[in-house]
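In: sequence and predicted structure, then a few things I'm wondering about:
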Amino acid sequence: MDWIIVIAGIFLLITGLAGCVFPVIPGPPIAYGALLLLLLHSSASANISTGTYIWLGSGVVAVLVLDFILPVIGAKRTGGTKAGKIGSTIGLVFSLFLNPIMIIIGPFIGAVVGELLAGQTQKTALRSGLGSFLGFLTGTFLKIIVTGFVAYTFVHALIG
């Protein structure tokens, strides 16, 4: 039974890492599921403290929230207006229903279109879109870090 748990956990970790890059898949929560599976493992669960579960779970929740907020913050920090922030959010939401490439560039396009519709110059609109894109990349980077910690904890618990 333990080897089935380990194989399922590895599958969840790989899927979770893929989800860090493809925003349609909620990567960190899926990877965290691998740790939860270890609670069923006869010996590996003893190697993870309750505090570790809580800290990593909190990190997963925090990075999920930040992943939606960072593109908006990026647009604002680069001089974007409220229209750019709204456009970035709309671009992200609409792109969720499209292919993975659109999810990556959706917030950028949304911020640029929002700024242009609000009467901003093309330079301001592009800067706002770039800020939104950089916020998206930052969120992706944070998801990879948190998922990496989850994967490390999983492997470390198995090795003992």
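Out: Thanks, I have the structure now.

In: give me the residue ranges of this structure where confidence is low.
Out: Within the chain, the stretches with pLDDT under 70 are 1, 44.

In: ok, now which ones touch residue 7?
Out: Neighbouring residues of residue 7 by Cβ atoms under 8 Å, 6 or more residues apart in numbering: there are none. Placement of C-beta: from N, CA and C, glycine included.

In: which of the helices or strands spans it?
Out: Assigned by DSSP states H and E, residue 7 belongs to helix 2-21.

In: check which residues of that helix are buried.
Out: 5-6, 9-10, 12-13, 15-17, 19-20 (16 or more other Cβ atoms under 10 Å).

In: list the contacts of residue 105.
Out: When contacts are counted by Cβ under 8 Å, 6+ apart, residue 105 touches 95, 133.

In: swap in residue 115?
Out: Contacts of residue 115 (Cβ under 8 Å, 6+ apart): 80-81, 83-84, 87, 124-125, 128-129.

In: how about a cut-off of 7 Å?
Out: 80-81, 83-84, 87, 124-125, 128 (Cβ atoms under 7 Å, 6 or more residues apart in numbering).

In: excluding chain neighbours, what is closest to the residue nearest the centre of the chain?
Out: By Cα atoms, centre = their mean, the mean C-alpha position of the chain lies nearest to residue 143, the distance being 4.3 Å. Nearest residue to residue 143 in three dimensions, chain neighbours excluded: residue 20, at 4.2 Å (Cβ to Cβ, 6 or more residues apart in numbering).

In: now the one you found: how far from residue 45?
Out: Counting by Cβ to Cβ, to the nearest Å, the gap from residue 20 to residue 45 is 25 Å.

In: ditto for residue 12
Out: When distance is defined by Cβ to Cβ, residue 12 is 15 Å away from residue 45.

In: who are the contact partners of the residue nearest to residue 143?
Out: Residues near residue 20 by Cβ under 7 Å, 6+ apart: 27, 140, 143-144, 147.
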